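[1] I'd like to go over a predicted model; first the sequence, then the structure.
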Amino acid sequence: MKLHELHDNAGATKSRKRIGRGPGSGTGKMGGRGIKGQKSRSGVSIGGYEGGQMPLYQRLPKRGFNKPNRKAYAVINLGLIQKFIDDKKIDASAAITEDALIASGLVRRKLDGIRVLAKGEFTAKASIEVTGASKSAIDAVEKAGGSLTVTKAAAAE
């Protein structure tokens, strides 16, 4: 078999419909849009319009509340920290701070702080200092012989 002999299966590819390319194409003149009216023109924005009836998105009740000043944390799991320690991207002998996590590339940006969750295995004897942590994450680090300190920024909530 040679490169020029390669071809796709029959019916596998289909050329796109070329709209508005003359009467011979079958979709010339009006381009499949019918005659006149708002929908035949460009820039139509009547997605939720129901002919004057109250639209569905307005009929349904509003639920919940979005706190405008809520804290957004960068979330990481213990398993990922362990993986970075194993790959020598984080030095476990020194204290693992939020800046060290960013420098290693584990976290992109701090946001309102970094919060550690307990997903994954953690075996390194390391001291971690972060803004927030779950109880199970703190237990897992202490069980491995390390310490996980939550800084004051979380207490200010």
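    That came through, no problem. Because the structure is a prediction, the values reported are computed rather than measured.
[2] show me where this structure has strands.
    74-77, 114-117, 127-130, 132-133, 147-150 (DSSP state E).
[3] and the second one, what other elements does it pack with?
    Contact here means 3 or more Cβ pairs under 8 Å, 6 or more residues apart in numbering; DSSP states H and E; on that basis strand 114-117 packs against strand 74-77, helix 78-86, strand 127-130, strand 132-133, helix 135-143. No exception for glycine: its C-beta is placed from N, CA and C like everyone else's.
[4] and of the strands of the chain, who's closest to residue 20?
    Shortest distance between residue 20 and those, using Cβ to Cβ, is found for strand 74-77: 49.5 Å.
[5] what lies in contact with the closest one?
    101, 106-111, 113-120 (Cβ atoms under 8 Å, 6 or more residues apart in numbering).
[6] make JSON lines from the strands of the chain and add mean neighbour count, mean pLDDT and distance to residue 84 to it.
    Formatted as JSON lines, the strands of the chain follow (neighbours: other Cβ atoms under 10 Å; pLDDT from 0 to 100; distance: least, Cβ to Cβ, whole Å):
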{"stretch": "strand 74-77", "mean neighbour count": "17", "mean pLDDT": "93", "distance to residue 84": "9"}
{"stretch": "strand 114-117", "mean neighbour count": "22", "mean pLDDT": "93", "distance to residue 84": "13"}
{"stretch": "strand 127-130", "mean neighbour count": "22", "mean pLDDT": "91", "distance to residue 84": "12"}
{"stretch": "strand 132-133", "mean neighbour count": "22", "mean pLDDT": "92", "distance to residue 84": "17"}
{"stretch": "strand 147-150", "mean neighbour count": "17", "mean pLDDT": "90", "distance to residue 84": "16"}
